[in-house]
Every structure is written in structure tokens, then in C-alpha cells.
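Asks: this one's sequence-less:
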């Protein structure tokens with residue numbers, strides 16, 4: 001069995017550097033069969049996430065070919081596919097990187113049990129987070145429910161070293177047959193929006209490291225101030241690469257930790273933002289329904305509105321509130337949305353329109369190329385008031401005041417709202433090229449009047465919130 005191949009099952013970890021499962025296989029000296037499975041978890045992804053996954057797979061397959069390997073693509077139930085390939089190549093083991101969402105955990109447990117019962121070694125490894133969710137606990141051994149003490153527990157914590165990428169991978173005697181990525185048509189639902197979003201994507205491991213290097217060289221020093229101003233492009237831009245595992249969170253953490261220890265301005269704040277990502281996955285692991293149910297059960301009776309024509313105007317970036325609409329349009333054009341803008345757009349939907357946060361979460365899941373189930377669930381519940389650390393839960397962001405503070409010269413709004421501009425920039429015009437034709441939108445349209453009276457809708461929300469309290473978490 002020493003020379004029996006090992007199947008390396010890739011999921012949201014499309015990289016060669018700092019990949020513990022890959023390193024463990026390489027250390028055995030055995031042939032490696034890299035595999036990606038289009039299973040039910042892929043079927044559940046939104047249109048933009050599927051498209052981005054497909055592009056990530058394309059780039060990653062090329063990276064594997066450069067070191068003498070191939071990425072085998074198969075479609076079907078994960079266990080069925082893995083058992084089939086085990087038989088085809090005589091594999092003695094299957095390795096993979098762990099995931100921490102409910103559906104992924106259930107799938108992996110079933111796969112591991114079935115493989116072991118068939119005398120096939122099955123091993124899972126860390127790597128999707130910096131610290132394992134069960135390795136960060138309160139003094140009494142319970143999970144954290146508030147970010148500040150969680151951050152104190154991990155702030156400055158070392159996380160080993162960054163594993164170097166292999167120069168070559170041992171190949172099996174015979175490669176199994178692979179599906180064609182083109183035949184999957186994984187990004188078909190993006191339709192004409194794919195060509196627009198592609199202009200703004202940074203796909204693959206090399207692009208991720210380049211982004212990190214450019215951020216550290218040119219924007220880290222002013223990160224504390226600039227990160228809140230969407231038009232300044234002061235963030236790292238790594239969200240899509242972290243979402244698909246094209247760079248490991250540990251590698252980013254250790255790099256930022258080194259910058260902080262060297263006294264570089266902005267490094268500690270950047271590190272704390274990585275801490276929020278850790279906190280989100282910590283919460284989702286210990287509260288698997290974070291993306292489906294109110295964190296605080298008392299909020300189950302809150303009078304949320306369901307989907308509606310108002311929510312549809314929000315989805316289309318036609319609320320008549322320029323900061324909100326610019327945020328939504330940024331998402332259609334780039335596949336991402338600035339974090340400050342996400343808070344404003346989410347607050348408007350859940351508070352000014354009093355719409356259930358799950359309506360917004362579902363639309364973000366459909367449209368974001370950097371869709372991260374844990375971070376987005378935490379963000380939506382935090383803004384809505386029903387979630388962890390949502391204090392004060394009744395906070396309502398006024399989009400006009402936020403624009404005055406964080407987009408004082410209107411540069412961000414002008415970047416994505418074409419109506420009323422004689423010569424709108426490309427990003428503003430691209431919105432009309434990206435959205436469905438059935439919306440019948442044109443840059444020459446009149447910009448809509450405000451959908452909601454900010455003062456009246458704020459009072460309505462505060463009246464509804466008046467009956468709530470910061471009820472304990474589930």
C-alpha cells in the first residue's frame with residue numbers, strides 16, 4: 001500500500017502553498033490524484049459564486065499542470081465519486097481540508113465513515129481558518145459569543161509557519177478520466193454579467209499573493225482611516241481569494257502579525273479584521289443555523305416583512321438613496337461590495353424597509369463572488385439586530401449621513417450611478433451591461449425618487465425594535 005495513490009479532494013482550498021493536506025501527501029512520497037467534485041454543495045451556490053468557482057478551478061488546474069499533475073473533475077454525490085476513483089486508480093487514502101458549515105460537516109463525516117469501513121484511509125486537515133473553532137474557548141471551555149473577548153484570546157497568537165508549495169507532484173500510473181469544465185457550464189447563470197465581473201476579478205493563487213504584496217506596500221499604512229471610505233480602495237481586496245482558499249488565512253494572518261510586530265501602522269487593525277473572519281466561522285461551527293435562524297430566539301416573533309416590491313427595488317439598486325444604490329450596483333459590476341457599503345445596504349433593507357435579513361442574505365449569496373457563508377451570515381444578523389455582538393441592536397445607519405461622512409465628494413456614488421451624469425465612468429455604465437435585460441434599464445433613465453422616507457421609516461423601525469431586548473443567544 002505504500003505506493004498506492006492518495007486522492008487529494010479539493011473544495012474551497014484552491015492553492016498549493018500552505019496546504020496541510022497537500023503537504024501531508026507529498027511527505028508520503030506516494031502518487032497524488034487531485035480531485036474536485038461538483039456535488040450538492042456546489043449546486044447550492046449562487047450564480048456569481050458558481051461562476052467564480054469555475055474560473056478559480058480553471059486557474060488552479062493550470063497551476064497543477066505546471067508541476068506535473070492534473071485536476072480531475074467529476075460530478076455527483078461526493079461519496080459515490082470518491083469510491084469510483086478509489087477503484088479506478090487503486091487509491092489507498094483520501095485526504096482533504098476540513099470545512100465548518102453544517103452541510104459540509106455532515107457530508108464529510110458520512111464520507112469518512114464510509115471510506116474507513118471500506119479500509120480506505122480518510123484524513124482531514126486544518127486550513128480553512130487560522131485556528132480550529134474548538135481551539136478557541138472561554139475560561140469555562142465554552143464558545144465565545146462576543147467579538148472583543150474572542151479577539152483578546154487570539155490577538156497576537158502564533159499559528160505555526162507557512163508551508164511552501166511543492167515543486168512537483170508524483171503522478172499515478174494512469175490518470176482517471178476527467179469531466180470537462182466547459183461541459184459543466186458552471187457559470188451559465190451569470191449570463192452577460194460574467195464578462196463584466198471578470199474585468200474586476202483577481203483569480204488564482206498568484207493573484208492573491210500579488211494583492212497581498214501590493215496592499216502591504218501601498219495601503220497598509222493608511223488602512224485604519226482609508227478602509228471605511230469606499231472610493232479610496234484602501235482594503236486588501238483579498239475577500240474573493242480567501243473565500244475560495246486561493247490564499248490561506250493562516251498565511252495572511254502570519255504576514256500581518258509580522259507587520260504588526262515590526263511596528264507597521266495599520267497592521268493591528270488589519271489583523272483584527274481577519275479576526276472577524278475567524279469569529280464568524282467560530283460562531284457558525286458552534287451555531288450551525290447562523291445563516292438560517294435568528295441568533296437570539298426572541299427575535300423569531302419580530303415583525304419582519306417578507307419579500308416585496310420594495311425589496312426588489314433594493315435588489316436592483318433603485319431605492320433612490322444613492323449610497324445604497326451605489327453599493328448594490330458595485331456588487332453587480334465587480335462581484336464584491338465594500339464593507340462599509342454592505343452595512344449601509346443591509347441597514348436600509350432590514351430597518352428602513354423592515355425586511356427580513358434572510359431576504360438580503362439570499363440575494364448576496366446569489367450575487368457575490370466572494371460569498372462566505374459565515375462572514376455574510378454574521379454581517380446580516382449583526383446589522384439586523386438579531387445576531388451576535390449586535391449592540392446596540394437598534395442602530396440604524398442613515399445612508400445620507402453615511403455618504404456625507406464616508407463619501408464626502410461623491411466619488412463612490414458617481415462611480416456606480418450613471419443617471420444624471422453627462423459622461424458616466426465605465427463602472428457606472430457597466431451596471432447596465434451586467435444586469436438582466438428583462439429589467440429594461442438604461443443609463444439615460446431618470447434616477448428614481450427615494451423609495452422610503454428616512455425619518456418615517458426610522459421611526460417605524462424604532463417602534464418595532466422597542467418591543468425587543470438583547471435576548472440571550474441560542
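Replies: Thanks, I have it. Please read these numbers as outputs of a predicted model, since none were measured by experiment.
Asks: Just the pLDDT for the closest residue to residue 425 other than its chain neighbours.
Replies: Of all residues beyond its chain neighbours, the one nearest residue 425 is residue 415 (5.9 Å), with distances taken as CB to CB, 6 or more residues apart in numbering. Just so you know, the C-beta spots here come from the backbone N, C-alpha and C atoms, and that holds for glycine as well. Each residue has a pLDDT score; the one for residue 415 is 98.
Asks: Return the residues in contact with residue 415.
Replies: By CB atoms under 8 Å, 6 or more residues apart in numbering, residue 415 lies in contact with 231, 326, 330, 425, 427, 428.
Asks: The residue most central in space within the chain and residue 277, how far apart?
Replies: Computing the C-alpha centroid of the chain and ranking residues by CA atoms, centre = their mean puts residue 372 first, at 2.5 Å. For residue 372, the distance to residue 277 equals 7 Å [CB to CB, to the nearest Å].
Asks: Check residue 73 too.
Replies: For residue 73, the distance to residue 277 - CB to CB - is 28 Å.
Asks: about what we covered before: buried residues in the helix or strand that the residue nearest to residue 425 is a member of?
Replies: Taking DSSP states H and E as the definition, residue 415 sits inside helix 411-416. Going by neighbour count (16 or more other CB atoms under 10 Å), the buried part of helix 411-416 is 412, 413, 414, 415, 416.
Asks: How about stretch 34-51?
Replies: Residues of stretch 34-51 classed as buried: 34-39, 41-42, 45-51 (neighbour count, 16+ other CB under 10 Å).
Asks: Likewise for stretch 148-165?
Replies: Buried residues in stretch 148-165, counted by 16+ other CB under 10 Å: 150, 151, 153, 154, 159, 163, 165.
Asks: which residues sit against the next helix-or-strand element following the helix holding residue 415?
Replies: Where DSSP H and E defines the elements, the next helix or strand beyond helix 411-416 is helix 426-434. Applying CB under 8 Å, 6+ apart, the external contacts of helix 426-434 come out as 192-193, 196-197, 199, 317, 329-330, 332-334, 414-418, 421, 441-443.
Asks: I'd like the mean pLDDT over helix 426-434, please.
Replies: The pLDDT scores in helix 426-434 average 97.
Asks: Which secondary structure elements does whatever helix or strand comes next after it sit against?
Replies: Going down the chain from helix 426-434, the next helix or strand is helix 454-465, by DSSP H and E. Contact here means 3 or more CB pairs under 8 Å, 6 or more residues apart in numbering; DSSP states H and E; on that basis helix 454-465 packs against no helix or strand.
Asks: Go through helix 454-465 and flag the buried ones.
Replies: By neighbour count on 16+ other CB under 10 Å, the buried set for helix 454-465 is 454, 457, 460, 461, 464, 465.
Asks: burial of the residue nearest to the third one when sequence neighbours are not counted, as a residue count?
Replies: Translated: residue 460. Spatial nearest neighbour of residue 460, excluding adjacent residues (CB to CB, 6+ apart): residue 354 at 6.5 Å. Counted by other CB atoms under 10 Å, the residues lying close to residue 354 total 19.
Asks: isn't residue 354 right up against residue 308?
Replies: No: with contact defined as CB atoms under 8 Å, residue 354 does not count as touching residue 308 (9.9 Å).
Asks: ok, back up a step: want to throw the buried residues of helix 411-416 into a markdown table with distance to residue 66?
Replies: Output for these, formatted as a markdown table (distance: CB to CB, whole Å):
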| residue | distance to residue 66 |
| --- | --- |
| 412 | 39 |
| 413 | 43 |
| 414 | 42 |
| 415 | 37 |
| 416 | 37 |
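Asks: which of these lies closest to residue 110?
Replies: Nearest to residue 110 among the buried residues of helix 411-416 is residue 416, at 44.1 Å by CB to CB.
Asks: what residues are up against the closest one?
Replies: By CB under 8 Å, 6+ apart, residue 416 lies in contact with 317, 325, 326, 329, 330, 333, 427, 428, 431.
Asks: what about the last one, how many neighbours?
Replies: I take that to be residue 431. 26.
Asks: Which residue is the nearest non-sequential neighbour of it?
Replies: Distances taken as CB to CB, 6+ apart put residue 329 closest to residue 431, at 4.4 Å, once the chain neighbours are dropped.
Asks: circling back: ok, and the closest non-adjacent residue to the residue nearest to the centre of the chain?
Replies: Spatial nearest neighbour of residue 372, chain neighbours left out: residue 243 (4.9 Å); criterion: CB to CB, 6+ apart.
Asks: Please apply the same query to residue 13.
Replies: Per CB to CB, 6+ apart, closest to residue 13 is residue 245, 3.6 Å.
Asks: re the thing from before, contact partners for the residue nearest to residue 372?
Replies: 12, 52, 369, 370, 371, 372.
Asks: so what's the backbone phi/psi at the fourth one?
Replies: The phi and psi values for residue 370, taken as degrees, to the nearest 10, are phi -100, psi 30.
Asks: Output the below-cut-off pLDDT ranges for this protein.
Replies: For the chain, the stretches flagged by pLDDT under 70 are 1-2, 469-474.
Asks: Kindly recompute the last result at 80.
Replies: Within the chain, the stretches with pLDDT under 80 are 1-2, 390-391, 467-474.
Asks: all strands of it, in order?
Replies: For the chain, the strands defined by DSSP state E occupy 6-10, 32-38, 72-75, 93-97, 121-125.
Asks: Buried by neighbour count: which residues of the last one qualify?
Replies: I take that to be strand 121-125. Residues 122, 124, 125 are the ones in strand 121-125 that count as buried (16+ other CB under 10 Å).
Asks: With distance to residue 212 as extra columns, can I get these in CSV?
Replies: Output for the buried residues of strand 121-125, formatted as CSV (distance: CB to CB, whole Å):
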residue, distance to residue 212
122, 33
124, 26
125, 22
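Asks: Go ahead and confirm the residue nearest to residue 431 touches residue 417.
Replies: Yes: counting by CB under 8 Å, residue 417 is a contact partner of residue 329 at 6.8 Å.
Asks: So the two - more neighbours on which side?
Replies: A count of neighbours by other CB under 10 Å puts residue 329 above the other of residue 329 and residue 417, at 26 against 22.
Asks: ok, now which ones touch the more buried one?
Replies: Residues in contact with residue 329, defined by CB under 8 Å, 6+ apart, are 317, 416, 417, 428, 431.
Asks: Residue 274 too?
Replies: Shown in contact with residue 274 (CB under 8 Å, 6+ apart): 130, 249, 252, 253, 256.
Asks: buried subset of these?
Replies: Among the contacts of residue 274, those scoring as buried are 130, 249, 252, 253, 256 (criterion: 16+ other CB under 10 Å).
Asks: quick one: which of the residues you listed is nearest residue 303?
Replies: Lowest distance from residue 303 to the buried ones among the contacts of residue 274 (CB to CB) belongs to residue 249, with 38.1 Å.
Asks: Next one: the closest residue to the closest one other than its chain neighbours relative to residue 19, how far apart?
Replies: Distances taken as CB to CB, 6+ apart place residue 130 nearest to residue 249, at 5.0 Å, with adjacent residues excluded. With distances taken as CB to CB, residue 130 is found 14 Å from residue 19.
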